[in-house]
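here is a sequence together with a model predicted from it:
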Amino acid sequence: MKRQTYTSEIKERAVRMLIEASSDYPSTWSAIQAIASKIGCTPETLRSWHKKHIDQTIPASMQAQSDKERIKELERENRELKQANEIIRKAAAFFAQAELDRTPW
């Protein structure tokens, strides 16, 4: 199978189309699939072009900062979930005990 080569202009246009149209689709992948068929490339090819574009445009320091912020957010969510689980566990124990106290032996 012969490998298709694309000019840098086509790659840039495809990525620009993807960025502009991504809000019209429920996910980035669905936008990639739709636009790739219009360009005449595979979705995976367009995805890799898009990834390279993002890697080139977002400085590494911003990406690292974004990662740190995301980790903090996930840690906070994890603490909240642990607290919610503890409340549910205590409530379940309370109602189980109440049910046992209510059952005549």
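Happy to help now that I have it.

for the rest of this, base every contact and every neighbour count on C-alpha atoms.
Will do.

now the helices for this structure?
Under the criterion DSSP state H, the chain carries helices at the ranges 8-21, 28-39, 43-57, 60-102.

which parts of the second one are buried?
It refers to helix 28-39. By neighbour count on 16 or more other C-alpha atoms under 10 Å, the buried set for helix 28-39 is 28-29, 31-36.

next one: the first one
Along helix 8-21, these residues count as buried under the neighbour rule (16+ other C-alpha under 10 Å): 11, 14-15, 17-18.

what does it rub up against?
With contact meaning C-alpha atoms under 8 Å, 6 or more residues apart in numbering, helix 8-21 is reached by 31-32, 35-36, 39, 46, 49-50, 53.

distance from that helix to the middle of the chain?
Centroid separation for helix 8-21 versus its chain: 21 Å, with C-alpha atoms, centre = their mean, to the nearest Å.

start at 864, not 1
With 864 as the first residue, the last one maps to helix 871-884.

got the angle for that helix vs helix 891-902?
140 degrees (axes from the mean of the first three to the mean of the last three C-alpha atoms, to 10 degrees).

the third one now?
Computed by the same axes, to 10 degrees, the angle separating helix 906-920 from helix 891-902 equals 110 degrees.
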